[in-house]
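Q: quick one, what's the 3D model for this:
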Amino acid sequence: MTDHPHSPVSMPGGLPLVVTTLTGLEHVLAAELTSLGAAAVEPSRRAVRCLGDELLLYQANLWLRTAIKVLVPLTSFPVRSREDLYAGASAIPWEDHLGPNSTFAVRGFVQAECFPNTHFPLLVVKDAVVDRLRKTRGGRPSIDLQRPDLELHLHLAEDRCDLAINSSGESLARRGYRITQGGAPLGETLAAGMVALTGWDGSTPLVDPMCGSGTIAIEAALLATGIGPGSFRKEFPFQRWPGHRRKEFSELREEARTARKKVSTTILAADLSPTATRKTRQNLQAAGLEKVVEVRTCPFAELPPPSTEGTLVCNPPYGERLQLEQLGLFYQELGNTLKQRWNGYTAWILFGGREALRSIGLRTSARVALRNGELPCTFARFDLYEGSRRRGGEAAASPPGSQL
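A: Numbering: from 1, shown residues only. The predicted structure follows:
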């Protein structure tokens with residue numbers, strides 16, 4: 001950048017951050033931020049607000065497991081028209097953040113009646129930035145949608161606009177280790193959040209019996225080994241900000257990459273599909289965790305528990321992936337297998353609908369509302385013990401032709 005504009009994070013009185021996440025994971029993310037040393041941590045809807053400094057921003061991008069983006073808020077103002085949006089965006093001293101030869105991009109979320117064309121507000125903000133810099137510096141920055149020096153994040157909902165600088169670039173859910181995936185992959189942030197919600201601490205086995213491309217097991221392994229999930233990323237946008245503290249960030253990233261603890265328990269990923277377990281092995285190798293997670297090709301009904309107690313976490317097929325008439329039978333078999341073979345375990349299962357939850361035939365001890373993409377889900381806990389064999393009588397044997 002030219003003309004030595006100020007760093008986007010050089011703010012007096014502490015650096016405010018807004019860290020976005022998924023529905024249902026706000027308090028998990030708040031706990032993560034607190035553990036990193038953030039102050040004034042306040043969960044809100046699909047986000048957590050806090051205060052920190054530039055080093056906390058670096059650490060948040062490297063270490064947060066349930067975050068989507070780490071944003072530096074600039075302003076918030078009411079919007080009822082194109083003129084309101086332009087005026088609010090023009091009031092920001094963009095000359096403090098962008099030189100005339102800098103590049104920038106505007107991305108974001110728009111859901112407002114006054115802007116039926118959701119792309120239009122992004123253009124309005126872009127014009128406001130360019131026009132202000134023409135007046136204050138006599139030149140205009142360029143648009144770069146691939147690798148901008150500064151990425152602006154617009155959130156416009158109803159009649160409120162929030163503008164922020166995105167320090168993360170693409171979603172932090174895209175760790176960089178997943179080189180192959182199945183047809184309905186579970187996102188890394190959701191998988192990490194599910195593992196966190198179980199309370200698993202790495203002292204007992206963790207099993208995913210329907211592992212798909214292995215995301216739950218990999219996220220569990222990253223947690224158990226203490227590897228920072230952001231350490232796989234090649235670059236973050238803040239590395240191109242003026243005043244970037246290169247040496248400190250390099251040290252923090254090296255720590256996130258190499259701070260590996262020995263895992264003394266079993267992490268097991270299994271699936272009846274050889275294609276799924278092949279993809280799991282490929283992703284484990286890309287993450288450097290092929291020696292941490294055991295992989296088996298085996299139907300769930302035949303999978304032996306690795307010990308007498310532990311945590312089972314899985315994301316079974318939803319109704320969208322099963323014919324309606326198969327759905328009840330599939331989850332009935334799943335419940336029977338849990339009751340008959342997994343006593344002593346705590347099972348956490350992600351359900352895509354109420355019918356599946358009813359069909360499993362087990363009583364829940366906890367439920368958390370989550371979203372997998374656009375699909376509302378229930379993440380339910382089942383405490384499996386001898387008495388759970390009975391809920392209206394002994395469990396029936398699994399029907400022939402089991403899909404488990």
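
Q: which ones are touching Thr136?
A: Contacts for Thr136 (Cβ atoms under 8 Å, 6 or more residues apart in numbering) come out as Trp94, Glu95. Every C-beta, even on glycine, is put in place using the N, C-alpha and C of the backbone.

Q: which pLDDT value belongs to it?
A: Here, the pLDDT recorded for Thr136 equals 90.

Q: run the chain-centre distance for the strand or helix carrying it.
A: Using DSSP states H and E, Thr136 falls within helix 120-137. In terms of Cα atoms, centre = their mean, to the nearest Å, the centre of helix 120-137 is found 32 Å from the chain centre.

Q: residues of that helix that come out buried?
A: Of all the residues in helix 120-137, those buried under the rule 16 or more other Cβ atoms under 10 Å are Pro121, Leu122, Val124, Val125, Lys126, Asp127, Ala128, Val129, Val130, Arg132, Leu133, Arg137.

Q: can you name the two of those residues that are farthest apart?
A: Farthest pair in these (Cβ to Cβ) is Pro121 and Arg137. Separation: 24.2 Å.

Q: now do stretch 219-232, average pLDDT.
A: According to the model, stretch 219-232 has a mean pLDDT of 95.

Q: start to end distance for it?
A: Stretch 219-232 has an end-to-end distance of 13 Å (Cα to Cα, to the nearest Å).

Q: need phi/psi at Ala112.
A: When quoted as degrees, to the nearest 10, the phi and psi of Ala112 stand at phi -150, psi 140.

Q: can you name the residues that contact it?
A: Ala112 touches Val79, Pro121, Leu156, Ala157, Glu158, Asp159, counting by Cβ under 8 Å, 6+ apart.

Q: which residues in the stretch 151-300 of the chain form helices?
A: 188-198, 215-225, 246-258, 274-287 (DSSP state H, counting those that start in this stretch).

Q: which elements pack onto the last one?
A: The contact analysis (3 or more Cβ pairs under 8 Å, 6 or more residues apart in numbering; DSSP states H and E) places helix 274-287 against helix 215-225, strand 267-271, strand 293-297.

Q: how about TSV for these, with mean neighbour count added?
A: Formatted as TSV, the helices and strands packed on helix 274-287 follow (neighbours: other Cβ atoms under 10 Å):
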stretch	mean neighbour count
helix 215-225	26
strand 267-271	26
strand 293-297	18
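
Q: any chance of the ones you listed in JSON lines, with distance to Leu284 too?
A: Below are the helices and strands packed on helix 274-287 laid out as JSON lines (distance: least, Cβ to Cβ, whole Å):
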{"stretch": "helix 215-225", "distance to Leu284": "6"}
{"stretch": "strand 267-271", "distance to Leu284": "8"}
{"stretch": "strand 293-297", "distance to Leu284": "5"}
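
Q: of all those, which one comes closest to Thr364?
A: Thr364 lies closest, by Cβ to Cβ, to one member of those: helix 215-225, at 19.2 Å.

Q: report the inter-axis angle for that closest one versus helix 188-198.
A: 60 degrees (axes from the mean of the first three to the mean of the last three Cα atoms, to 10 degrees).

Q: ok now helix 215-225, how far from the chain's centre?
A: Computed by Cα atoms, centre = their mean, the chain-centroid distance of helix 215-225 equals 13 Å.

Q: contacting residues around it?
A: 65, 177-178, 185-188, 191-192, 194-196, 200, 202, 206, 208, 211, 229, 260-263, 265, 267-269, 280, 283-284, 287, 289, 292-293, 313-315.

Q: from those, list the buried ones, please.
A: Judged by 16+ other Cβ under 10 Å, buried ones among these: 65, 177-178, 185-188, 191-192, 194-196, 200, 202, 206, 208, 211, 229, 263, 265, 267-269, 280, 283-284, 287, 289, 292-293, 313-315.

Q: check contacts around the closest residue to Thr215 other than its chain neighbours.
A: Among residues not flanking Thr215 along the chain, Ala191 sits closest, at 4.3 Å (Cβ to Cβ, 6 or more residues apart in numbering). By Cβ under 8 Å, 6+ apart, the contact set of Ala191 is Thr215, Ile216, Ile218, Glu219, Asn315.

Q: please state the backbone phi and psi of Gly310?
A: Backbone torsions of Gly310, given as degrees, to the nearest 10, read phi 160, psi -160.

Q: go through stretch 82-97 and flag the buried ones.
A: So, applying 16+ other Cβ under 10 Å, buried residues of stretch 82-97: Asp84, Leu85, Tyr86, Gly88, Ala89, Ser90, Ile92, Trp94, Glu95, His97.

Q: put the alpha carbons of it into CSV.
A: The C-alpha trace of stretch 82-97 is given here as CSV (Å, rounded to 0.1, in the frame of the first residue of the first chain):
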residue,chain,number,x,y,z
ARG,A,82,-29.8,3.9,-1.3
GLU,A,83,-29.0,7.5,-0.1
ASP,A,84,-28.8,6.4,3.6
LEU,A,85,-26.4,3.6,2.7
TYR,A,86,-24.2,5.8,0.6
ALA,A,87,-24.1,8.5,3.2
GLY,A,88,-23.3,6.1,6.0
ALA,A,89,-20.5,4.4,4.0
SER,A,90,-19.1,7.7,2.9
ALA,A,91,-18.7,9.0,6.4
ILE,A,92,-16.0,6.4,7.2
PRO,A,93,-12.4,7.8,6.8
TRP,A,94,-11.4,5.3,4.2
GLU,A,95,-8.2,7.2,3.6
ASP,A,96,-7.0,5.9,7.0
HIS,A,97,-7.3,2.3,5.6
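
Q: low pLDDT regions in the stretch 1-150 of the chain?
A: 1-13 (pLDDT under 70).
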